[in-house]
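Chemist: Make a model of this:
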Amino acid sequence: MSQADFNGIYRLRRRRSASSQGFSLVELLIAVAVIVIMSGMAYFQLQTPLMGARSDAAMREVMDQLRQAREYSIVNRRYVQVTFPPSSIGQPQVQITQKNSLTKTENAGSDVVLSTVPLQTPVIFTLVTGMADTPDGFGNAYAIEFEGLNGLPTAGMMFQSDGELVDAATYLPISGTVFLGVAGKTASARAITVLGTTGRVRGWRSTGTAWVQF
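Modeler: Residues are numbered from 1 along each chain as shown. As a prediction, this is how the structure comes out:
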């Protein structure tokens, strides 16, 4: 083997040895930067779908509670009260209670809480700025509005055995709306309407400018 051939083989082996040592520090920094940028882009792209999914989940929770209260009332021939109490940590909830008395004092201790369900965080009961009333037109002055009042009628509201949603003081049918969403996020707006005379429960989703039935 000539000296030139030997030198060529030596240089080739050195190049192979250098290439097998891995990435340089600069190459590693570039790779890390690309990963960080792509991860950031993916995070922001996922925020809107994730927010929408949480709003949908919270809306379903409220709708399910209302429908279960109505069904339980019909099947068991009992008044079933619906309330929206805050939890101990401040997270909004929906609660349904079987009423074994028709006043707050008479045998009130025999009432039975059937279920209490908190909303999906960070969803709260709220009016989202920029959204008009739902097509049902039951009012949108308050986050929870029944009988045109902020929250519930003074004596509360209940489903009765024929499926109607009634004022607990007058036993007359009342209609209303529950609005929810993530504060300041128009696309997260959701609404649930209840028609008092039938107890029909509907869900509504915001397109950002209008309501579509869920």
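Chemist: got a list of what Glu61 touches?
Modeler: Val94, Val117, Leu119, Gln120 (CB atoms under 8 Å, 6 or more residues apart in numbering). C-beta: built from backbone N, CA, C; applies to glycine.
Chemist: which SS state does it fall under?
Modeler: helix (DSSP: H, G, I helix; E, B strand; the rest coil).
Chemist: Per-residue pLDDT of it, please?
Modeler: You'll see Glu61 listed with a pLDDT of 94.
Chemist: Ok, Met38 next?
Modeler: At Met38, pLDDT is 63.
Chemist: So which residues of this protein form strands?
Modeler: For the chain, the strands defined by DSSP state E cover 79-83, 93-99, 112-118, 124-125, 144-146, 149-150, 157-159, 165-167, 176-181, 190-195, 200-206, 211-213.
Chemist: now the first one: how far from the chain's centre is it?
Modeler: Spelled out, that is strand 79-83. Taking CA atoms, centre = their mean, to the nearest Å, one finds the center of strand 79-83 at 22 Å from the center of the full chain.
Chemist: now the angle from that strand to strand 176-181?
Modeler: 40 degrees (axes from the mean of the first three to the mean of the last three CA atoms, to 10 degrees).
Chemist: So what are the sheet partners of strand 79-83 and their directions?
Modeler: strand 93-99 (antiparallel), strand 157-159 (antiparallel) (DSSP bridges).
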